[in-house]
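1. Have a look; sequence and predicted model below, questions after that.
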Amino acid sequence: MKKSEQGKTLIAAKAAGLVAWAAVMVFAGVAFRQHRAWKEPVVLGPGVTAVRSLHEWFAPLKGTENDCNVYVLDSGLPGSTILVLGGTHPEEPATNLAAELLVENAKPTSGKLLVAIHTNRSASTVTRPGEAYPQFYSIKTAWGQKKYRMGDRSANPLDSWPDPETYVHYPSGQMLAYMDIRNINRTWPGRPNGLLCERTSYGFMQMIRKEKVDLVIDYHEAELEYPVIGTIVAHQKAQEVAAMVSMDLSASQFRIGMEVSPRTLHGLTHREIGDFSDATALLFESPEPFLDRVRGATNEALLLTGVDEFVQRAGKAGLLYWPIDEKGWPIEVRVGRHIATTSKVFEVWNLLYPEKPIAVDGLPGYGDLAAKGVGAYFADPASVAKDRVAFE
Amino acid sequence: MLNHALLVLGVMVVVFAVASRLKVSVELSMLLAAIAGGLAHGSGFSARHVVDGAFTYFDVTLIFLSATFFMNIVKESGGVDYIVGGIVKRFHANRFLCLLFLTFILLIPGALTGSGSVTVLVVGALAAKVLSEMGIPKEKVTAIIFLCAAMSAAAPPVNLWAMMAAAGSNMPYVGFIGPLGALSVLGALFSMFWLGWKGSPIDAAKVAASIKVDARMRGWRVGLPFAVLIALIALSRIFPHDFPILGLPLCFMLAAATAAAVSATKVPLLRIARDTVDSLLPLVGMMIVVGILVQAMSLSGVRGLISLSVVTLPLAVIIGALFVILPLSEGLVQYASAPLLGVPLILLFNMKGIDPVVALSAMAVMWPLGDILPPTLVVGRAAVMVTGYDGSYYKGFVKATLVPALFILALSTLVVIFSGQLTFLKALG
């Protein structure tokens, strides 16, 4: 082949490569846009008395991706105020599903519930590069499939970027990995002029103080290779509650541990909320094999069933901190653990603090949830008045 | 699931091997392997996964580009000539000090950028010139350049292997400066003195004549850009809640702007930027493709298969084989070896009571030594190129690196084993 012909071939190859890459970018861009713009309908249950926005407690959050909905479920009777946080890490879907289940079903008869389904909403608009998460997952209901955004652990770089060279936590000064400044469970208690997650945490802290929240419950899931799993992590002020819940549930329904929040580990809900407000805090961890690094194919089925041959093999080799068998850890069991633990916390709370009760009707039991599935507790948005539907 | 993952892995390996055989570049071979693996996996692989994967190491790539741009401006403005010329002028009578300072000069570019190639490209040729004038045989000079470049890539603050493995295991990139610094500096010094101690006295006049130092160049012109860089990073740590968050790429760009502004000669910024991108294209391409490959492997379960295969080996076998596995995997798939092997190993070490930060640091010093190995030979090839070594690659150059490389690998293995006793090294941050 002559030199000029070779040159032409090279140019043609480069042009073809460029066109192919442009096509890939366009298709991918459309997929990213659809994911970021997807709205999850939430039917306001009988207990919901108002839907507020986080910016009502901290105005600068208005218009940001993290100006999330805060569902108010007020019994109108005196009692404790409890804040439940779902979606702190949107790659842990049992957390937002459990929070949504509360919004659609819980009916307080004393005290007040505040619920955030997507605490770090920005993180629910992106999946983690390199992990191959599906962008969406669907929950089967009696009226059809309900579609949700799968998210990441950290806020979307489109909303918070660049990261610092090293993230220095406020106010402790503890140094953390640079990307943790987008992980809202490393930015508590937050600061008003910080980056997005620091401001979001600050907004929640303002809410906790102004609404005189007594207890914050933060839902999480963890990989089975991670030592903090199947447990309640408690600020020392909530140590007694956590211990009693752990003992009671472990004896009656399912094994759940309890550990006290380390005093030197900063930025987490169970440490900072207790230290910087009158409220106390609990964090629940349920097992999510989808997050394990030794997992097999990454797909929606694994996300929802928690069945994975490779994770099981790792378990047989003694490499996991939590058991797994061929039944896996289905989403209904994981959500069921959170809801049952929440119910038990309310029960124990009333024993310890009878002067500030919290009573909530309408929550399914662990067995019912595991048997019927999560979707059984979600109403059809098309079947209710428009003003009884909110969007996440 | 096992059979499926094996099948996809098989497709990836075959496509990579065939593409390499057809003389397709390593980066494109890897891209083809990733796409073929994704397609073999079947449902679920889409354009979104390709782009998602391509962004896995986006921040690191920006650091790469901006840091190298900065170092290239320093070089173009005569800063590197000034420093090396100064060392020769001042310390030519003292071989120990001369070698000592040359070691640190060789460590800086890679430490700032995380890339051994950048060290070779920015200061390699000049250091090689001085080392040759010190009577050191060419194969040893080339070996010194490679080994110091490898140790510079391992040196803190930027160690890409540790950063990638730490990110993959949800571990903060904190506490690495001490262990990475100790190992990389020891490794570089041992390499320099083992290979460079014997030779002839340096002919300062001859070297000085061959290094063209601009008469208008002054210490402050070289020092100020580095001072700006250090100040920006230091200020963001000292006043983290008052100082604006710039990000490392912008810090490097501001330092680069300073270097251009104080340069005694006019610096052709556009040409340097173009040359920087040109020279880094294979490296940046590698980072992008590694991300796509990891995405395809995660999607199909191949990553899980590899991780599981590694972590279910007996611990003693794993630790004993690290010095072979890590460099070989680096030679094969470059930085992809950090997320593929590093992450499961770190989780396993953590479970077995081995300090993950110290152990990962030691592993992250072993990885870059694989850059001399086939099929990629990235830094090895670059070292041969800049020194003009024309002897046998393996019998001359690689052979010359053996003793220092084995020293570094043995030292690093010991650090993994005794990581529990070395946790004090993490105190530096």
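-> Good, I have the coordinates. Residues are numbered from 1 along each chain as shown, chains lettered A, B, ... in the order given.
2. How much space separates the residue lying farthest from the centre of chain B from residue A:84?
-> Distance from the C-alpha centroid of chain B, by CA atoms, centre = their mean, peaks at residue B:43 (36.4 Å). Separation of residue B:43 from residue A:84 (CB to CB, to the nearest Å) stands at 36 Å. Bear in mind the C-beta positions are built from the backbone N, C-alpha and C, glycine included.
3. ditto for residue B:271
-> 59 Å.
4. Now do the contacts for residue A:315.
-> The contact partners of residue A:315, taken as CB atoms under 8 Å, 6 or more residues apart in numbering or on different chains, are A:224, A:323, A:324.
5. Could I get the full set of strands for the stretch 1-150 of chain A?
-> Ranges of strands within the stretch 1-150 of chain A are A:41-43, A:50-53, A:69-74, A:81-85, A:107-110, A:112-116, A:136-141, A:144-149, based on DSSP state E, counting those that start in this stretch.
6. Could you tell me how far the second one lies from the centre of the chain?
-> When distances are taken as CA atoms, centre = their mean, to the nearest Å, strand A:50-53 is centred 19 Å away from the chain's centroid.
7. again with the fifth one
-> Computed by CA atoms, centre = their mean, the chain-centroid distance of strand A:107-110 equals 24 Å.
8. Parallel or antiparallel, list what pairs with it.
-> Applying DSSP bridges to the sheet, strand A:107-110 is found paired with strand A:359-361 (antiparallel).
9. pLDDT on the strand it pairs with, on average?
-> Averaged across strand A:359-361, the pLDDT comes to 98.
10. ditto for stretch B:15-34
-> On average, stretch B:15-34 scores 92.
11. That stretch and chain A in contact?
-> No: judged by CB under 8 Å from any CB of the partner chain, stretch B:15-34 makes no contact with chain A; its nearest approach is 9.5 Å.
12. Give me the distance between the two termini of that stretch.
-> End-to-end distance for stretch B:15-34: 9 Å, by CA to CA, to the nearest Å.
13. Buried residues, it. List them.
-> For stretch B:15-34, burial by neighbour count (16 or more other CB atoms under 10 Å in any protein chain shown) applies to B:15-16, B:19-20, B:24, B:26-27, B:29-34.
14. Name the residues that touch that stretch?
-> B:11-13, B:36-37, B:50, B:53, B:282, B:285-286, B:289-290, B:292-293, B:295-297, B:333-334, B:336, B:375-376.
15. For PyMOL, write a command that selects the buried ones of the residues you listed.
-> The PyMOL command for the buried members of the contacts of stretch B:15-34 (criterion: 16+ other CB under 10 Å) is given here:
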select buried, chain B and resi 11+12+36+37+50+53+282+285+286+289+290+292+293+295+296+297+333+334+336+376
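16. what subset of the contacts of stretch B:15-34 is also close to chain A?
-> Within the set of the contacts of stretch B:15-34, contact with chain A (CB under 8 Å from any CB) is found for B:50, B:53, B:295, B:296.
17. quick one, phi psi at residue 225?
-> No chain in the question, so chain A it is. phi -80, psi 0 (degrees, to the nearest 10).
18. To what extent is it buried, counted in neighbours?
-> Using other CB atoms under 10 Å in any protein chain shown, residue A:225 has 27 neighbouring residues.
19. Over to the one 3 residues further on?
-> Other residues within reach of residue A:228 by the criterion other CB under 10 Å amount to 13.
20. Same check on residue B:265?
-> When neighbours are counted by other CB under 10 Å, residue B:265 registers 11.
21. what's the answer for residue A:126, then?
-> When neighbours are counted by other CB under 10 Å, residue A:126 registers 26.
22. near chain A, which residues of the stretch 201-350 of chain B?
-> Neighbours of chain A within the stretch 201-350 of chain B, by CB under 8 Å from any CB: B:233, B:236-237, B:240-241, B:245-251, B:291, B:294-296, B:298-301, B:303-305, B:307-308, B:311-312, B:339, B:343-344, B:347-348.
23. Got the confidence number for the spatially most central residue of chain A?
-> For chain A, the residue sitting closest to the mean C-alpha position, by CA atoms, centre = their mean, is residue A:87 at 2.1 Å. Residue A:87 carries a pLDDT score of 98 in this model.
24. give the contact list for it.
-> Contacts for residue A:87 (CB under 8 Å, 6+ apart) come out as A:95, A:96, A:99, A:116, A:117, A:118, A:119, A:120, A:121, A:123, A:124, A:151.
25. Repeat that for residue B:57.
-> Residues counted as contacts of residue B:57 (CB under 8 Å, 6+ apart) are B:164, B:287, B:288, B:290, B:291, B:335.
26. ok, now with 10 Å
-> The contact partners of residue B:57, taken as CB atoms under 10 Å, 6 or more residues apart in numbering or on different chains, are A:129-130, B:63-64, B:160, B:163-164, B:167, B:284, B:286-288, B:290-291, B:294, B:335, B:339.
27. mind listing the helices in the stretch 1-150 of chain A by residue range?
-> For the stretch 1-150 of chain A, the helices defined by DSSP state H, counting those that start in this stretch occupy A:3-37, A:93-105.
28. With respect to chain B, which of these lies nearest?
-> helix A:3-37 (3.6 Å; CB to the nearest CB).
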